[in-house]
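# Using only what follows, build the 3D model:
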Amino acid sequence: MTALLILNYDVVDAERLAAYRVAAAPALLGPDAGELVSSTDRTLHLAEAPEGGTHTVVLRFRDVEHARSVYASDAYRAHLGARLAATTPHSAFVVPEGS
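Sure thing, here's the model as predicted:
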């Protein structure tokens, strides 16, 4: 069953985040990784969860285990610090799709 990796954050350093996206893309996207479902800087929050960030990224992977292995991979971990330094994370989770 496919899985979604959902990241939500506020950007504190747009230039650094742009560099992270270029550097991390090969580890996150492609035939052996995931696919980009959505990326927006216009996240709208509902009253039940008003504290989220302005940016949301959704990636699809073939299953939960694959999403977790890509996220934990050395190839991605080499770039994760740059995203964390460029943003204030609010949430990050993997969700089985279709359940």
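
# how far out from the middle of the chain is the lengthiest helix in the chain?
If each helix of the chain is counted by residues according to DSSP state H, the longest one is helix 14-28. In terms of C-alpha atoms, centre = their mean, to the nearest Å, the centre of helix 14-28 is found 11 Å from the chain centre.

# Run the chain-centre distance for the very next helix or strand once past it.
Per DSSP states H and E, the first helix or strand lying C-terminal to helix 14-28 is strand 35-40. Its chain's C-alpha centre and that of strand 35-40 lie 9 Å apart, by C-alpha atoms, centre = their mean.

# helices and strands around strand 35-40, which ones?
strand 55-61 (3 or more C-beta pairs under 8 Å, 6 or more residues apart in numbering; DSSP states H and E). Yep, even glycine has a C-beta here, placed from its N, CA and C like the rest.

# Contacts for the strand it packs on next, please.
2-11, 28-29, 33-41, 43, 67, 70, 87, 94, 97 (C-beta atoms under 8 Å, 6 or more residues apart in numbering).

# switch the cut-off to 7 Å
For strand 55-61, the external contacting residues (C-beta atoms under 7 Å, 6 or more residues apart in numbering) are 2-11, 28, 34-41, 43, 67, 70, 97.

# got it, and stretch 16-32?
Counting by C-beta under 7 Å, 6+ apart, 11, 33-36, 59, 70, 73, 75-76, 79, 82-83, 85-87 sit against stretch 16-32.

# Report the buried residues of that stretch.
17, 20-21, 24, 27-28 (16 or more other C-beta atoms under 10 Å).

# rewinding a little: from the contacts of stretch 16-32, list just the buried residues.
The buried subset of those - by 16+ other C-beta under 10 Å - is 11, 33-34, 59, 70, 76, 79, 82-83, 86-87.

# pLDDT weak spots in this protein?
With pLDDT under 70 as the threshold, the chain has low-confidence stretches at 99.

# I'd say residue 54 and residue 10 touch.
Yes. Contact criterion C-beta atoms under 7 Å: residue 54 and residue 10 qualify, at 5.4 Å.

# of the two, who's got more company?
residue 54 (17 against 14; other C-beta atoms under 10 Å).

# residue contacts, that one?
So residue 54 contacts 10, 41, 43 (C-beta under 7 Å, 6+ apart).
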